[in-house]
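> predicted model and sequence below, questions to follow.
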Number of protein chains: 2
Amino acid sequence: MRDVVIIGVGTTKFGELWESSLRDLAVEAALKAIDDAGCDRIDSLWVGCMSCGLFNGQEHLGALVADYLGRTPMPACRVESACASGGMALRAAWMEVACGQSDVVMALGVEKMTDVSGGKATYALAAASDREHEAFHGVTFPGLYALIAVDHMHRYGTTREQLADVSVKNHEHGSHNQYAQYPHKVTREQVMSSTMVADPLRVLDCSPISDGASAVIVAALDESRSLTKNALVKIAAIGAATDSLSLHQRKDLCEFAATIEAGERAFKTAKLSPSDIDVAEVHDCFTISEICVTEALGFFERGRGGPAASDGATRLGGKIPVNTSGGLKSKGHPVGATGIAQVYMLTKQLRGEAGPVQVKNARRALAQNMGGTGSSNVVTILESGS
Amino acid sequence: MRDVVIIGVGTTKFGELWESSLRDLAVEAALKAIDDAGCDRIDSLWVGCMSCGLFNGQEHLGALVADYLGRTPMPACRVESACASGGMALRAAWMEVACGQSDVVMALGVEKMTDVSGGKATYALAAASDREHEAFHGVTFPGLYALIAVDHMHRYGTTREQLADVSVKNHEHGSHNQYAQYPHKVTREQVMSSTMVADPLRVLDCSPISDGASAVIVAALDESRSLTKNALVKIAAIGAATDSLSLHQRKDLCEFAATIEAGERAFKTAKLSPSDIDVAEVHDCFTISEICVTEALGFFERGRGGPAASDGATRLGGKIPVNTSGGLKSKGHPVGATGIAQVYMLTKQLRGEAGPVQVKNARRALAQNMGGTGSSNVVTILESGS
């Protein structure tokens, strides 16, 4: 495999972006990444998007974005793994460069979720669960993650306060992010008294419905110096894994087996361990997710994710700063964009361009992006150039 | 890039398969491919499906199929490029093996289209066109391809009879295909007196709404001998390209620029020319498509696709037998499965297992799969092992 580096990144603001269409968002993020790289060449495009069909009545997003970016006849294709679509798009782009088929490839993530109303967003999102065995019977994602939270609380003594502290920490980080949907600090009390969604999860435990797009341009290391003046960020490894779509099929409700597997694959390839990671972006679609995921990745022992959320270990300045972007909770969660937005933030960190949330001397970073109740997982390890 | 070979293929019957669900179809095709390869190992899965969201309310098909195949935590991801989703899935699988990330990868295509009614299938299919600039204004695919047909007839003198002869030839080939949805011969008169859909295209010019799935297992050449006893079929090249989604944005209505580009890329990589190809499967979603595509691929000069359809050049025994499977017209067109089903047929041809439609001494084969009005194209060139 050829070595692959990130040469450019771009993102739109995340939020309820009434004046931007699906294609507008994709093109804006793509142009920003091209501008950041300082390189006008793209050989191929992978677009991560979960459900442009159900949200926008539009499939065939690869060719659509290539067209609106003025890049036909460039090859272009959409990938979809629910909320892990962005991470999977980067994985495909990485393999295309690694195998030598192309030298410069864009991975773009996008979702335009606010054009539907009347429960249609919930219907679309539930397409990431097992429709026949879960959604048809009335359970939606807040309910599924509530089951996970209850199990974790019961088994490990995880508290309602610890869940809230994930949200408090991510909103504090996100308050520095100009692209965040909700760049506002929240208090533990505000989280714990916010509207109940699915006991024990309240609305401030849940990531929002968002519009947005992010883009990353990857290139062959040996070509990259002629393409960009940016500090290079190397893709050290990408590990992917799956688990059952249905939560009831799991042996263990709150152990994310596919996160563990994807993480182990990535660490093995990169020849690194969790303690080597300086900064991470993880998939906090609900507060309980961040707790389970930081355990599954090996940052904390099983059952210790809750205390870690409260004792500052995952805060900026802590042992392993998690979601310095604000995470899905504060930054927003346009589902197809999320995996790419994580890599956007980590690239900024490894280049030393993260401003007020910069992790000092960050050299190794990890992004964990997942779909469903952890059914699809992509773990990406990045390293700053030497 | 490592050399990549096909070690196993499988397909379901295509048709209105009321008793099989989306996941049933996918698993059936996958198991048949595993059985054909005689190899139980799969490292990773790519699922091509156009619109499981709009047809079945289910996204996240990669993990779902991995799960129902009993293969978690294997990495799995869906790719979507409208009706070229199958071809794009094979392209992703090919790159994953070529780059060395995996040794044995399955590319599976599936679509379950008959679970919706009341115009919803037309709505879902129109998601492959530009929804904002085409479908919202009432034009659907038969209408778009009718515009292409009228232009071709006007410019090149292509006749109504020549269009019909594409259908007659493909139904004749398909009459030998046990997996075909409509394995019946039709006459020119039947085609020309069938129900008008969009002038000049009649119902027997149009591929049907279908359910079905097909699967292909690819492996690294240097690993393949320990995996299967089948004759090996090498992937010599896969070329992909895009064009505008909207037909009105084209300079030329009936020149499929992305087919030309994808074909040229594939021929260049394989160091072959159109005259080297012994048998082809092309994307005859409408009769006019086969005429335009056989021109775009260089099998015939521009404007000569119509006469070629009538003079036997594309028939079994002709200069270049096209769609010996029956094509989309007779075999059926479960849109996400089509690109893989083409490769299924060509693998059978190159192994000498094509029975009554066997092309003698077939050594090189070409599959052309496209989405929209030729907006996404994948051209795959296969060679029999030496």
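Okay, I see it. Bear in mind the structure is a predicted one, so any value in this text is a computation, not a measurement.

> from here on, contacts and neighbour counts on C-alpha atoms
Noted.

> got the CA positions of stretch A:127-139 in CSV?
Presented in CSV, the C-alpha positions along stretch A:127-139 are these (Å, rounded to 0.1, in the frame of the first residue of the first chain):
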residue,chain,number,x,y,z
ALA,A,127,-33.5,3.4,8.5
ALA,A,128,-30.0,3.0,10.2
SER,A,129,-31.6,0.5,12.6
ASP,A,130,-33.1,-2.8,11.6
ARG,A,131,-36.4,-1.5,10.1
GLU,A,132,-38.2,-4.9,10.3
HIS,A,133,-37.1,-5.9,13.8
GLU,A,134,-36.7,-2.5,15.5
ALA,A,135,-38.2,0.6,13.8
PHE,A,136,-41.5,-1.0,12.7
HIS,A,137,-42.2,-1.9,16.3
GLY,A,138,-41.8,1.7,17.4
VAL,A,139,-38.3,1.9,18.8
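
> residues in contact with whatever residue of the stretch 1-150 of chain A ends up closest to chain B?
Here the stretch 1-150 of chain A gets closest to chain B at one residue, A:Cys99, 3.8 Å apart by Cα to the nearest Cα. When contacts are counted by Cα atoms under 8 Å, 6 or more residues apart in numbering or on different chains, A:Cys99 touches A:Met1, A:Arg2, B:Met1, B:Arg2, B:Met95, B:Glu96, B:Ala98, B:Cys99, B:Gly100.

> which residue packs closest to the fourth one, ignoring adjacent ones?
Distance criterion Cα to Cα, 6 or more residues apart in numbering or on different chains; nearest residue to B:Arg2, sequence neighbours excluded, is B:Ala98 at 4.4 Å.

> got the phi and psi for the one you found?
phi -60, psi -40 (degrees, to the nearest 10).

> and it, what pLDDT?
Note for B:Ala98: predicted pLDDT of 98.

> verify the stated contact: it with B:Arg91.
No: using Cα atoms under 8 Å, B:Ala98 is not in contact with B:Arg91, being 10.2 Å away.

> contact residues of the stretch 251-386 of chain A facing chain B?
Residues of the stretch 251-386 of chain A lying near chain B by Cα under 8 Å from any Cα of the partner chain: A:Ala258, A:Glu261, A:Gly371, A:Gly372, A:Ser375, A:Ser376.

> kindly check the end-to-end length of stretch A:290-308 for me.
One end of stretch A:290-308 to the other measures 10 Å (Cα to Cα, to the nearest Å).

> what about it, distance to the chain center?
18 Å (Cα atoms, centre = their mean, to the nearest Å).

> model confidence over stretch A:37-54, on average?
Rounded mean pLDDT across stretch A:37-54 is 97.

> and the end-to-end length of that stretch?
By Cα to Cα, one end of stretch A:37-54 lies 33 Å from the other end.

> check whether that stretch contacts chain B.
Yes: contact between stretch A:37-54 and chain B is present through A:Met50, A:Ser51, A:Gly53, A:Leu54 (criterion: Cα under 8 Å from any Cα).

> picking that back up, from A:Asp3, how far out is the residue of the stretch 1-150 of chain A closest to chain B?
Applying Cα to Cα to A:Cys99 and A:Asp3 gives a distance of 10 Å.

> what segments of chain A are helices?
A:22-37, A:52-56, A:61-68, A:85-98, A:120-125, A:141-156, A:160-174, A:188-192, A:221-224, A:257-270, A:287-296, A:305-310, A:327-331, A:338-351 (DSSP state H).

> mind putting those helices into JSON lines with mean neighbour count and distance to B:Ile291?
Listed next are the helices of chain A as JSON lines, based on neighbours: other Cα atoms under 10 Å in any protein chain shown; distance: least, Cα to Cα, whole Å:
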{"stretch": "helix A:22-37", "mean neighbour count": "22", "distance to B:Ile291": "32"}
{"stretch": "helix A:52-56", "mean neighbour count": "23", "distance to B:Ile291": "30"}
{"stretch": "helix A:61-68", "mean neighbour count": "27", "distance to B:Ile291": "23"}
{"stretch": "helix A:85-98", "mean neighbour count": "31", "distance to B:Ile291": "32"}
{"stretch": "helix A:120-125", "mean neighbour count": "19", "distance to B:Ile291": "39"}
{"stretch": "helix A:141-156", "mean neighbour count": "19", "distance to B:Ile291": "48"}
{"stretch": "helix A:160-174", "mean neighbour count": "26", "distance to B:Ile291": "56"}
{"stretch": "helix A:188-192", "mean neighbour count": "17", "distance to B:Ile291": "63"}
{"stretch": "helix A:221-224", "mean neighbour count": "16", "distance to B:Ile291": "41"}
{"stretch": "helix A:257-270", "mean neighbour count": "23", "distance to B:Ile291": "47"}
{"stretch": "helix A:287-296", "mean neighbour count": "27", "distance to B:Ile291": "53"}
{"stretch": "helix A:305-310", "mean neighbour count": "24", "distance to B:Ile291": "62"}
{"stretch": "helix A:327-331", "mean neighbour count": "32", "distance to B:Ile291": "49"}
{"stretch": "helix A:338-351", "mean neighbour count": "28", "distance to B:Ile291": "41"}
